[in-house]
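In: Below are the sequence and a predicted model; questions follow.
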Amino acid sequence: MEKPSTLLVHFDKGSTAMASEIKADLEGSDVAAKVDAMKRAVMLLLSGETLPQLFITVVRYVLPSENHTVQKLLLLYLEIIDKRDAAGRVLPEMILICQNLRNNLQHPNEYIRGVTLRFLCRLSEPEVLEPLVPSILENLEHRHHFIRRHALSAISAIYRLPHGDQLIPDGPELVERALASEQDASARRNAFVMLCACAQERAVAYLLSNADRVAEWPDLLQMAAVDLIRKVCRSTNRTDKGRYIKIIISLLSSPSAAVVYECAGALVSLSSAPTAVRAAANTYCELLSSQSDNNVKLIVLDRLNELRTSHRDVMVDVVMDVLRSLTSPNLDVKKKVLDLVLDLLTPRNVEEVVLYLKKEVIKTQAGELEKGGEYRQMLVQAIHACAVEYPEVAGSVVHLLMDFLGDTNVAAAVDVMLFVREIIETNPKLRVSMIQRLIDTFYQIRASRVCSCALWILGEYSLSLSEVESAISTIKQCLGDLPFYTVSEEGEATDTAKPSQPVVNSVTMSSRRPVVLADGTYATQSAATEAISTPSVAPGSSSSTLNLRSLILSGDFFLSAVIACTLTKLVSRLDEVQPSKVEANKACTGALLIMTSMLQLGQSSYLPHPIDNDSYDRIVLCVRLLCNTGDDIRKIWLQSCRQSFAKMLAEKQFWETEEMKAKAQVFHAQPDDLIDFYHLKSRRGMSRLELEDEVQDDLKAATGGFTKDADDANRLNRILQLTGFSDPVYAEAYVTVHRYDIVLDVTVINRTKETLQNLCLELATMGDLKLVDRPQNYTLAPESSKQMHANIKVSSTETGVIFGNIVYETSNVMERSVIVLNDIHIDIMDYISPAACADVAFRNMWAEFEWENKVAVNTVIQNEKEFLDHIIKSTNMKCLTPPSALDGECGFLAANLYAKSVFGEDALVNISIEKQLDGKLSGYIRIRSKTQGIALSLGDKITLKQKGGS
């Protein structure tokens, strides 16, 4: 059975055969050999050996040594040996070392005294400590602070023992007296901590009597004072809270960053007064700007985010201070800053925020910043969010951002284009200037996906005659001369195994990998990979404007279909706005020529891969429409697409608003809660901060702010029965999962009429779980109970199992009795929580993640929507597919689900199901993640829960 240890030393190998060598070295006169022998003895003891025959040798040959290293190793040896026998009595040999310890405590050398006092802090045997108490107390008056410091620690440790107040009955009084005259910072801190733990009223009296001088205390003592204030203010007595808050406020100007950080946290926990919260927020902002460590910045940003959730109105005032932290080169810090700022936008500060973000975008253009492309993408997304919430600021940034449509970072260019697409719909005043700017910059676009989106915008929002004609002309210029190849070139391409490449750096291999669309369905995308197929053409070269031609010749027929649809819309709108039918017919024939050229290219052997069926059908449909257009068809192409897009944006805004309402905190006051009316209170002698704090406390009491969220009914649901009712020992556990820790509170009841001795709870784990500390042995009286605690660390999102048994002895039976416990299964649902992510991010992660678990649907549920809701509830995930895409009855359903673990892992699920003729559902649920554990555990959970009956 493992025992608690106060010492940890790494030791690879050892054997009991070494004991005789150790004994021989200890009996010798060589000091170096003695030191080495003592080290080996300590390591053997820590590895589980007992070495009982060595103690007398140590007493005879090591105790008298004057060497400091030997004496220190002797104390380590005495610290880890067993000092009690099997019955729990102190071994008689321990009395032999008392005299030596007393001599050490009176030794003329300060080091020997200090290490001996430090050793006594780890002794728990009153029989050994009692004769040493007078010598310990004498060291309180020693001239050297090193001795006084450890003497105070020893007194504190002894007084905290079960019967320590009998060993040193006047301990707190002696320590208080020493604290009043002490000058050393560490000694004062040790004395103050002892008073905080053992005589809190004395510590409080000392703190309040020195309230004006707390700011001058050393930082060690200031930290102890902050801890005391936290502890005192958690109690029900809140009468002196104003005085404590004043002390905290005075410590905010401390030169120590650690003290300032702790004070800000304490201030927020003590008071909800706007002045106090503002002071804490300003302190955090100062730490953000003064600390260079990125980990510190991330922690401080977490604290500011917590302030935002409860005191948003105060945090709004420090937005610009937080925004200045974007100067940090770390992308994680930048992302947290932007996320925090976006949650603090108001009509008053949005213009200032957008102006600052605009300056940051210009900085990334200079190319001075490391990872400038990724940072620019984050800034574009932030500006996008600002403009969606406050459309009036879009005009000041949209034209600047459109300069980045040709960005080499494809993701950043896509984000800019999505921003432009949304703003042009939601902000009609900017439409004309944005269309003109898009036409002017269209030739700079190099990415296929950005081109597709830009073409859709040109087709939908080019309304006037000049805009339509300019758009058609721009597309023709970017396509170049027709046809795309000549017959002689096709013959050469047929003769050679590899066709000549008309464009540098273009990839001719189509991507046939299935992708997950926004509605959750799978599709095969026959387009060149954007990240690779962006042709690198010099801006001033003659072919720099032929971006569409380059992409089409690289095998991107999906883009060809988009060009055909755009030209169809533009020509149809030209029929409405162009008075001259001759010009309209000329544009129509030009568009038809382009489409037939693209079809001819797709069916030729000039490119290694022919056009895919979807793109071919789409282009043919456009050709037919231009040859035979009717009013109904024109209405669908020119109006319905825009209406659908507007409807999608409105729905997105609606669900975002609904989520914000759901997140808003709602407090409930209990019927019998006491409410104070502060207008009737005396304000005499109260500062503004104290008065604000009183008002906030009263408001909290009235609105239920002090009510705890924890519900006793939920606690009862978390209790697990470990043994049967007929077992001699009944045990049940309450499992608490808190991020990286699992705490087991085990209640053990002795149901027999006998005393159970050495009762021990033995636990073991399976999976990525690690037992931190093991419960100690207990003696249980007949029909009595005991609470035991066990801490378990979790290192990954994986289903784990805790199993074990209870072992005990009785006076009648010599053998130990064992009761096997029920297994405790740690549910993966305790670690994952619903989260949201953009469709683009979901698709990128789906392509990147290598672990996939495919689960076949097997359920008694016969309704597709009901099955989806059941899976969402069972897996604690969020459905990313909008509700409108799930409406209707078509016998088929596809949806994407997403969740995030406490370890930052992403869990992606795609559900594809259809209803068979017999009414049963069939299909697959695919789970993807970066790590194997979460994919397997989530798959097991879905397999277990999907039937719906259980």
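Out: Alright, I've got the coordinates. Numbering: from 1, shown residues only.
In: name the element the residue located most distally from the centre of the chain belongs to?
Out: Going by CA atoms, centre = their mean, the residue of the chain most distant from its centre is Val582, 63.5 Å out. Using DSSP states H and E, Val582 maps to helix 581-603.
In: so how far is that helix off the chain centroid?
Out: 54 Å (CA atoms, centre = their mean, to the nearest Å).
In: Just want the angle from the helix or strand just after it to helix 581-603.
Out: Counting by DSSP H and E, the next helix or strand C-terminal to helix 581-603 is helix 613-627. Going by axes from the mean of the first three to the mean of the last three CA atoms, to 10 degrees, helix 613-627 is angled at 160 degrees with respect to helix 581-603.
In: Now do the residue farthest from the centre of the chain against Thr589, distance only.
Out: Distance, Val582 to Thr589, by CB to CB, to the nearest Å: 11 Å. For every residue, glycine as well, the C-beta is placed using N, CA and C.
In: Now do the same contact list for the nearest residue to Cys263 once chain neighbours are set aside.
Out: Nearest residue to Cys263, sequence neighbours excluded (CB to CB, 6 or more residues apart in numbering): Leu251, at 4.6 Å. Residues near Leu251 by CB atoms under 8 Å, 6 or more residues apart in numbering: Val214, Ala215, Gln222, Ala225, Val226, Val259, Val260, Cys263.
In: again with Arg928
Out: When contacts are taken as CB under 8 Å, 6+ apart, Arg928 is in contact with Met845, Trp846, Phe849, Trp851, Glu852, Asn853, Leu908, Val909, Asn910, Ala935.
In: can you give me the offset of the one helix or strand it maps to from its chain's centre?
Out: In this structure, Arg928 sits in strand 921-929 according to DSSP H and E. Put simply, strand 921-929 sits 27 Å off its chain's centre (CA atoms, centre = their mean).
In: Repeat that for stretch 141-153.
Out: Counting by CA atoms, centre = their mean, stretch 141-153 comes out at 44 Å from the chain centroid.
In: just stretch 381-401 next, same as before
Out: 28 Å.
In: And stretch 359-378, by the same measure?
Out: Worked out by CA atoms, centre = their mean, stretch 359-378 lies 25 Å from the chain centre.
In: tell me the average confidence for that stretch?
Out: For stretch 359-378, the mean per-residue pLDDT is 76.
In: for it, which positions count as buried?
Out: Across stretch 359-378, burial judged by 16 or more other CB atoms under 10 Å covers Glu360, Val361, Lys363, Thr364, Gly372, Gly373, Glu374, Tyr375, Arg376, Gln377, Met378.
In: and what of stretch 322-329?
Out: Result for stretch 322-329 [16+ other CB under 10 Å]: buried residues Val322, Leu323, Ser325, Leu326, Ser328.
In: Show the end-to-end separation of that stretch, please.
Out: One end of stretch 322-329 sits 15 Å from the other (CA to CA, to the nearest Å).
In: which residue sits closest to Lys753 in space, ignoring its chain neighbours?
Out: Nearest to Lys753 is Pro782, by CB to CB, 6+ apart, at 5.0 Å.
In: which residues touch that neighbour?
Out: Pro782 sits in contact with Asn750, Thr752, Lys753, Glu754, Thr755, where contact means CB under 8 Å, 6+ apart.
In: where does the nearest residue to the second one once chain neighbours are set aside fall, phi/psi-wise?
Out: In space, not counting the residues next to it along the chain, Thr752 is nearest to Pro728; the distance is 4.9 Å by CB to CB, 6+ apart. Here is the backbone geometry of Pro728 (degrees, to the nearest 10): phi -60, psi -30.
In: Model confidence for Pro728, exactly?
Out: 90.
In: what about the helices in the stretch 51-200 of the chain?
Out: 54-61, 68-80, 94-105, 110-120, 126-129, 133-138, 145-159, 164-167, 171-181, 185-198, 200-209 (DSSP state H, counting those that start in this stretch).
In: would you list those helices in CSV and tack on mean neighbour count and mean pLDDT?
Out: Converted to CSV, those look like this (neighbours: other CB atoms under 10 Å; pLDDT from 0 to 100):
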stretch, mean neighbour count, mean pLDDT
helix 54-61, 17, 80
helix 68-80, 19, 84
helix 94-105, 17, 81
helix 110-120, 21, 87
helix 126-129, 18, 83
helix 133-138, 16, 88
helix 145-159, 23, 89
helix 164-167, 16, 83
helix 171-181, 18, 87
helix 185-198, 23, 88
helix 200-209, 16, 88
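In: can you put the ones you listed in JSON lines and add distance to Leu769?
Out: JSON lines is the format used below for those (distance: least, CB to CB, whole Å):
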{"stretch": "helix 54-61", "distance to Leu769": "38"}
{"stretch": "helix 68-80", "distance to Leu769": "28"}
{"stretch": "helix 94-105", "distance to Leu769": "39"}
{"stretch": "helix 110-120", "distance to Leu769": "35"}
{"stretch": "helix 126-129", "distance to Leu769": "38"}
{"stretch": "helix 133-138", "distance to Leu769": "42"}
{"stretch": "helix 145-159", "distance to Leu769": "33"}
{"stretch": "helix 164-167", "distance to Leu769": "36"}
{"stretch": "helix 171-181", "distance to Leu769": "41"}
{"stretch": "helix 185-198", "distance to Leu769": "32"}
{"stretch": "helix 200-209", "distance to Leu769": "37"}
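In: Spit out the contact partners of Glu407.
Out: For residue 407 the amino acid is Asp, not Glu. Gly373, Arg376, Ala413, Val416.
In: So which of the residues you listed sit within helices?
Out: The helices, defined by DSSP state H, take in Gly373, Arg376, Ala413, Val416 from the contacts of Asp407.
In: Quickly name whichever of these is closest to Ser560.
Out: Ala413 (20.3 Å; CB to CB).
In: Could you count how many residues lie near that closest one?
Out: 29 (other CB atoms under 10 Å).
In: With adjacent residues omitted, what lies nearest to it?
Out: Asp407 (4.3 Å).
In: The closest residue to Leu208 other than its chain neighbours and Asp212: what is the separation?
Out: Closest residue to Leu208 apart from its sequence neighbours, by CB to CB, 6+ apart: Arg243 at 6.4 Å. Taking CB to CB as the measure, Arg243 falls 11 Å from Asp212.
In: more crowded one of these two?
Out: Remark: of Arg243 and Asp212, Arg243 carries more neighbours, 13 against 10, as counted by other CB under 10 Å.
In: how about the more buried one, phi and psi?
Out: According to degrees, to the nearest 10, Arg243 has phi -70, psi -40.
In: Any figure for the gap between it and Leu340?
Out: 33 Å.
In: again, but for Gly242
Out: 31 Å.
In: With Trp846 instead?
Out: Trp846 is 28 Å from Leu340, by CB to CB.
In: now Thr364
Out: From Thr364 over to Leu340 (counting by CB to CB), the distance is 20 Å.
In: picking that back up, so what secondary structure elements neighbour the helix or strand just after the strand holding Arg928?
Out: Remark: after strand 921-929, the chain's next helix or strand is helix 932-945, criterion DSSP H and E. Using 3 or more CB pairs under 8 Å, 6 or more residues apart in numbering; DSSP states H and E, the elements in contact with helix 932-945 are strand 851-856, helix 864-875, strand 906-915, strand 921-929.
In: Now tabulate the ones you listed in a markdown table and tack on mean pLDDT.
Out: What follows is the helices and strands packed on helix 932-945, written out as a markdown table (pLDDT from 0 to 100):
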| stretch | mean pLDDT |
| --- | --- |
| strand 851-856 | 89 |
| helix 864-875 | 87 |
| strand 906-915 | 90 |
| strand 921-929 | 90 |
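In: Figure out which of those is closest to Leu174.
Out: Once the helices and strands packed on helix 932-945 are compared by CB to CB, strand 906-915 is nearest, at 58.2 Å.
In: on that earlier part again, go through the helices and strands packed on helix 932-945 and name the closest to Ile563.
Out: strand 906-915 (30.5 Å).
In: Specify the angle between that closest one and helix 864-875 in degrees.
Out: Counting by the same axes, to 10 degrees, strand 906-915 points 150 degrees away from the direction of helix 864-875.
In: And strand 906-915, what's buried?
Out: Buried, per 16+ other CB under 10 Å, within strand 906-915: Asp906, Ala907, Leu908, Val909, Asn910, Ile911, Ser912, Ile913, Lys915.
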